[in-house]
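Student: Starting from these lines, generate the structure:
(4 chains, ligands or ions: 2)
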2 protein chains.
Amino acid sequence: MNFSKTASYSLNVLSYMATHDNNMSAAFLHEKLSIPYPYLRQVLTSLSKSGFIHSTRGRSGGFAFSKQKSDIFLADIIESTDGLESLNKCILGFNSCPFNNECSMHKVWEETRNGILKVLKSTSLSDLVRTPD
Amino acid sequence: MNFSKTASYSLNVLSYMATHDNNMSAAFLHEKLSIPYPYLRQVLTSLSKSGFIHSTRGRSGGFAFSKQKSDIFLADIIESTDGLESLNKCILGFNSCPFNNECSMHKVWEETRNGILKVLKSTSLSDLVRTPD
DNA sequence: CATAAATGATACCTATTTGTAGCATATTAT
DNA sequence: ATAATATGCTACAAATAGGTATCATTTATG
Ligand code: SF4
Ligand code: SF4
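Tutor: Ligands and ions are numbered 1, 2, ... in the order given. This is a model prediction of the structure:
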């Protein structure tokens, strides 16, 4: 009942970058966020390939946003890592529903997941900014 | 962003049993729910050990509820499989929050997860019954 | 130019989850 | 009694997720 580590690390990295701006190296992010360095490298590469950020190589290289922070929504980040399909499954784990979509969980779960989706789709990285340390 | 297979299978099995009553064998449940038979066996044993159901061995054995269906809440089932702690983590994946618990996701996520918890804690197996096939 | 500091790419290892197999034991029908 | 049909137990295998290690390439700086 939570996102994968990869998704969490991605949110973590991007939200940190969004609130501190400018170019950041993997080594710096590793130090700040305590994400295992080699794993973090992979996550950053993958975020680059997804188009959220881009890299510059060489001595003072690192990663920076490729798009406006206001154009990157949390749902985009989850979509690129875990996918969002899981939010459309029966919470009881049935593949074919024996209750004709009418058991007492159905509606309430539908509303909950729509709520989650709505928040993820309407919150961009620029919306997160509050009191960064 | 969903429960483990073990948790889903457990919900699936128990909700099926709740709406069809009486003693059921693993073989029968396997046929009805298409859960891999050996895995299902393990799940059923584990649900027995958790006290939701009990088994009787031998030729006409199988599994039946040990408690009133109205006393088994979905939250109990999730607790015994995946645990519920995951619902208390920062959605952005921070261990120590750099936003002083004030980023724009915090409150909304808190409300969402409290909503999920509330539903899981207030829905018992007997509440599920609707139009079983 | 040489060095240091960065990413690109990729192969590998480890832990967890999911799924399989087999034998022991219990109970019922015949 | 014996066979059939159950679960108990437990070891193993496969798939996935999480994490590590290495070397090549790029670029700024002295
Ligand atoms: S009605 Fe209940 S069992 Fe059927 S799909 Fe909806 S949540 Fe699942
Ligand atoms: S304020 Fe935001 S980053 Fe901090 S714990 Fe809450 S959700 Fe996580």
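Student: quick one: the strands in chain A?
Tutor: Along chain A, counting by DSSP state E, strands occupy A:53-56, A:62-65.
Student: close to DNA strand D, is the last one?
Tutor: Going back to what we said before, that points to strand A:62-65. No. Applying C-beta under 7 Å from any atom of the strand, one finds strand A:62-65 separated from DNA strand D by no less than 10.8 Å. The C-beta positions use only the backbone N, C-alpha and C, and glycine is treated the same way.
Student: Stretch A:81-99: end-to-end distance?
Tutor: End-to-end distance of stretch A:81-99 (C-alpha to C-alpha, to the nearest Å): 32 Å.
Student: quick one: it near chain B?
Tutor: Yes. Judged by C-beta under 8 Å from any C-beta of the partner chain, stretch A:81-99 and chain B are in contact via A:82, A:86-87, A:89, A:91-95, A:98-99.
Student: ok, the closest residue to A:Ala18 other than its chain neighbours - contacts?
Tutor: Closest residue in space to A:Ala18, ignoring its immediate chain neighbours: A:Leu125 at 3.9 Å, by C-beta to C-beta, 6 or more residues apart in numbering or on different chains. Residues near A:Leu125 by C-beta atoms under 8 Å, 6 or more residues apart in numbering or on different chains: A:14-15, A:18, A:69-70, A:72-74.
Student: Closest to DNA strand D out of the residues you listed?
Tutor: A:Leu14 (16.4 Å; C-beta to the nearest atom of the strand).
Student: Count residues in the vicinity of the closest one, would you?
Tutor: 25 (other C-beta atoms under 10 Å in any protein chain shown).
Student: what's near enough to touch it?
Tutor: A:Leu14 sits next to A:47, A:52-53, A:72, A:77, A:125 when contact means C-beta under 8 Å, 6+ apart.
Student: at 7 Å what do you get?
Tutor: The contact partners of A:Leu14, by C-beta atoms under 7 Å, 6 or more residues apart in numbering or on different chains, come to A:47, A:52, A:72, A:77, A:125.
Student: Out of the strands of chain A, indicate the one that is most buried.
Tutor: strand A:62-65 (a mean of 18; mean count of other C-beta atoms under 10 Å in any protein chain shown).
Student: which other residues reach that one?
Tutor: Contacts for strand A:62-65 (C-beta under 7 Å, 6+ apart): A:17, A:22-25, A:44, A:48, A:53-56.
Student: Enumerate every residue touching the residue positioned nearest the centre of chain A.
Tutor: Centroid check for chain A by C-alpha atoms, centre = their mean gives A:Ile77 as the closest residue, at 3.5 Å. By C-beta under 7 Å, 6+ apart, the residues touching A:Ile77 are A:10-11, A:14.
Student: what does the model give it for pLDDT?
Tutor: Looking at A:Ile77, its pLDDT reads 97.
Student: where do the helices sit along chain A?
Tutor: Under the criterion DSSP state H, chain A contains helices at A:5-20, A:26-33, A:37-49, A:74-81, A:106-122, A:125-128.
Student: The longest one and ligand 2 in contact?
Tutor: So the one you mean is helix A:106-122. No. Applying C-beta under 6 Å from any ligand atom, one finds helix A:106-122 separated from ligand 2 by no less than 11.1 Å.
Student: From the contact counts, what lies against that helix?
Tutor: Contacts defined by 3 or more C-beta pairs under 7 Å, 6 or more residues apart in numbering or on different chains; DSSP states H and E place helix A:106-122 against helix A:74-81, helix B:106-122.
Student: any idea of the angle the last one forms with helix B:74-81?
Tutor: Read it as helix B:106-122. Following axes from the mean of the first three to the mean of the last three C-alpha atoms, to 10 degrees, one obtains 100 degrees for the angle between helix B:106-122 and helix B:74-81.
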